[in-house]
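J.: Let me see the structure of the following:
(chains A and B)
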Amino acid sequence: MNPAVVEQLRKIAGRDAVLDRPEDLMLYEYDAGIRKSTPGAVVFPQTTNQVSQIMRLASSAQVPVVARGAGTGLSGGAISREGGIVVAFSRMNRILEIDVENQRAVVQPGVVNLQLSEHVSHLGLYFAPDPSSQKACTIGGNVAENSGGPHTLMYGVTVNHVTGVEVVMPSGEVVHFGGKAAESYGYDMTGFFVGSEGTIGITTAITVKLLRKPEKVATLLAIFETVDDAGQTVSAITAAGITPAALEMLDGWTLRTIEAYCHAGYPLDAGAVLLIELDGLRESVEEHAEAVQAVCLQQKAREVRRAKTEEERALLWKGRKTAFGALGRVSPSYYTQDGVVPRSKIPATLAHIGEVSKKYDLIIGNIFHAGDGNLHPLILFDIRFPDQLERALAASKDILEYCIAVGGSITGEHGVGMEKRDLMPVLFTQEDLDVMAGLRNAFNSENLLNPDKLLPTPRMCREIFGAARNPVLVQEGM
Amino acid sequence: MDSPRGRIYQMVQVDEGRLALSDSFVTHIDRCLGCMNCMTACPSGVPYASLLERARWQIEENYPRPWLGRKLRQHFYAKVLPSFSRLGRHAKLVRFYQRSGLQSLARGTGMLQLLGVAELDALAPRIESDFSFRHLGEVFPAEGTRRGRVALLIGCVGSVAFAELNRATVRVLTKNGIDVHIPKAQSCCGALHLHGGHLEMARVLARQNIDAMLSPEFDAIVTNAAGCGSVMKEYAALLEDDAKYAHRAMQFVAKARDINEYLAGVGLVEPKRKLSQRVTYADPCHLAHAQGIRKAPRELLKAIGAELVEMPRPDTCCGSAGVYNVVQNELSMKILDEKMGYVASVSPQILATANVGCMLQFKAGMKRKGINTRVAHVVELLDEAY
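T.: Next up, the predicted model:
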């Protein structure tokens, strides 16, 4: 990084708010995925105005800019691919306003997801998007990646909960999309911004919806002998006309690993479990809980348990939400995918993942948002052995291609980032991608904001398009 | 700009030879509170505590710190902490130091990184006039029906600065029907050595305490300091490669108990007085995160009639963290101010905790906030109830 640019950054944000020594920069070369790339400098702004000055500086110096929250993303969204400036939001972590009457909160991007819910809990409110990393991940990151979570099934993803954003454009201009109102007229700029993965601007303040906590919650654990039975049950539940708040599936291997850590009472001998949550008015919850239980038993569930206390419920969710991390107990590395399939294809997809596991000789755990058909196969490997990494990447690509083939998609909630960018041409035509690129270029004409993410470059498009059936991810690799 | 995740990443880079033991690495390790909250949070079960101890050992062995500070530290770790008589003499010296103005000189020399003495100085507790807990080798018999027999670790800093707490501990135990032995050959637990990167000295002390206190006649080996308890429970890991001591270290660990844990385990006899006050309890990190003890102190407080109110995040660090509040004073005060906000939000009459370091920090916090709320060790409150 040009020392003059670093010096300017120090002038803008303060001397203790810029990192540029290699030993410090290496701490920003990774996220929760497996790719790495070291930035040229890291800056920690404290105000919107500083972000604006940083953007202006980056534009005039022609240096790429990547925003970073907690670095929990899985698709490389917060990694600076070209040695640019990482704008880290850990010091813009204040809750700016709680508007109880309108059920809105205005937060800075560095606010940790769960902290917002904790902050408004005494008012009977909460922030609905609940990624499994919610104890650490930031709302800014959620906005960039349009994150989901277990309760996405009923409540929708982040975009359904953001009504306004303050955005700093590459020129340094500060603009406001949306506001507190539920609907806006004209272009839905807020909707467009959420999920744009840092490629059209950087948000510095976010207005989100706060929901009332449900009157009643029932959490059920349905235990099955086989993964297939559990998979069949998912579509049976929705076919019965019930939309649970959350409908999660864990296979036997995964839940045994989790149980070793959290002692939530997950059955150690099960083939799979469904974690099903119903919420709403007392009467409807009771009625639906009974109906769901009946469907599960019909579909060969061995047993259906219901959490009796809030503690039991919290433990079951703790197990689910820390599942990825718990795998660290059995494997030094894992690679998780984010494929989506139609609900009805879940059993067939699980069978295919079983075959992939055998084919590549890697353990693959299955844990996913079953209600949404959003799979997170966890491919275990040891990154110290390059051949294992290659097999993991190949297995992952195999699974994603299967998802596409059965009418699904390559990402449910983790974003495209650098990880799945080159699979975009498999999902979209060149014309579709050209329109998207044109849209991005209207805001980010010099492609300085999170370059090489989300959309393939035109040159890459053709190469990858032709090569999509070859192991693209392996070449792309590290 | 600090996280356990980043520290572990740097440790891996050091291990792989990609990163030298640089200023950056040392700074990040130095800034770690060692609160172990990350271990409570970690689903993977990463043994961060031992990773941190190894990193500190590596730094201590290989990274050039200022010469005078290094020499003084070596002297204190090797000579003073393990010896009660030297501790007593040094405590007198330190008192002179505090009052003569020499301390400002000491601050520039790295001496502040020494040990609790500097910490005590910074937070201005009165070194108790009685200085040393002069009861080594004594036995305090149980009152009433005897329900148990324990060995009490009196602690190195504890023996000179918190003699009264040790006395209270003895009273509470004996009134609850427990014989209390103060084995004479006991020593400092080794926590400061272990956390300061002096692994070998920590092992020496561990062996000494095993020899002095592991005996079939004791049901438990008890301490009133969370940091000591947590290290006593690490003896087995510390001595796992020591053919002679490995097995006995395991036996020692099996008997090591924090005072709260021990009393909640045997159950309290009916207290004479009820503590009818609004009490909030702050979990010491080395009790909650390092030893997983959260319920016991709360049960004890309830058992003597306290009206227990929970503050938000009772188990986040107060910033005391051994000598952290001196060597990383600015960060420590930031952490403390946040914690004091949580405390104030429940307006307690008493702020209870179970570790002296935390008590001193909270007292400083009360001063900073200009509040008069009483800060007390759980054992002090128990003592008043009997």
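J.: okay, CA-based contacts and neighbour counts for the rest of this
T.: Will do.
J.: Spit out the contact partners of residue B:181.
T.: B:137-140, B:149-152 (Cα atoms under 8 Å, 6 or more residues apart in numbering or on different chains).
J.: Next: residue B:26.
T.: By Cα under 8 Å, 6+ apart, the neighbours of residue B:26 are residue B:59.
J.: same check, this time on residue A:336
T.: Contacts of residue A:336 were listed using Cα under 8 Å, 6+ apart, and they are A:74, A:376-379, A:396.
J.: Looking at the contacts of residue B:181, state which has the most neighbours.
T.: residue B:152 (27 neighbours; other Cα atoms under 10 Å in any protein chain shown).
J.: Name the nearest residue to the residue of the stretch 151-300 of chain A found nearest chain B, sequence neighbours excluded.
T.: In the stretch 151-300 of chain A, the residue that lies nearest chain B is residue A:261 (6.4 Å; Cα to the nearest Cα). Nearest non-adjacent residue to residue A:261, counting by Cα to Cα, 6 or more residues apart in numbering or on different chains: residue B:43, 6.4 Å away.
J.: Helix, strand, or coil at that neighbour?
T.: Classification of residue B:43 by DSSP: H, G, I helix; E, B strand; the rest coil places it in coil.
J.: What are the boundaries of the helices in the stretch 51-200 of chain B?
T.: Secondary structure of the stretch 51-200 of chain B by DSSP state H, counting those that start in this stretch: the helices cover B:67-75, B:84-100, B:102-107, B:116-123, B:156-161, B:163-175, B:191-196, B:199-213.
J.: An error on my part: the question was meant for the stretch 51-200 of chain A.
T.: Taking DSSP H, counting those that start in this stretch as the test, the helices found in the stretch 51-200 of chain A are A:113-120, A:139-145, A:152-155, A:189-193.
J.: Does residue 250 lie in a helix or a strand, and which?
T.: All of this is about chain A. Residue A:250 belongs to strand A:246-251 when assigned by DSSP states H and E.
J.: Can you look at chain B instead?
T.: Going by DSSP H and E, residue B:250 is part of helix B:246-255.
J.: Residue A:258 now?
T.: Here residue A:258 sits within helix A:252-262, counting by DSSP H and E.
J.: who's in contact with that helix?
T.: Taking Cα under 8 Å, 6+ apart as the rule, helix A:252-262 contacts A:227, A:265-273, A:315, A:318-320, A:322-323, A:326-327, A:329-330, A:365-367, B:43-45.
J.: From these, which land in strands?
T.: Of the contacts of helix A:252-262, the ones assigned to strands by DSSP state E are A:272-273, A:365-367.
J.: closest to residue A:237 among those?
T.: Using Cα to Cα, residue A:273 comes nearest to residue A:237 of the ones in strands among the contacts of helix A:252-262, at 14.1 Å.
J.: Tell me the spacing between the closest one and residue A:7.
T.: According to Cα to Cα, to the nearest Å, residue A:273 stands 55 Å off from residue A:7.
J.: Comparing these two, which residue is more hemmed in?
T.: A side-by-side neighbour count of residue A:273 and residue A:7, using other Cα under 10 Å, places residue A:273 first with 30 against 13.
J.: so what's the more buried one closest to, chain neighbours aside?
T.: Nearest non-adjacent residue to residue A:273, counting by Cα to Cα, 6+ apart: residue A:223, 4.6 Å away.
J.: quick one: low-confidence parts of chain A?
T.: Along chain A, the model assigns pLDDT under 70 to residues A:458-478.
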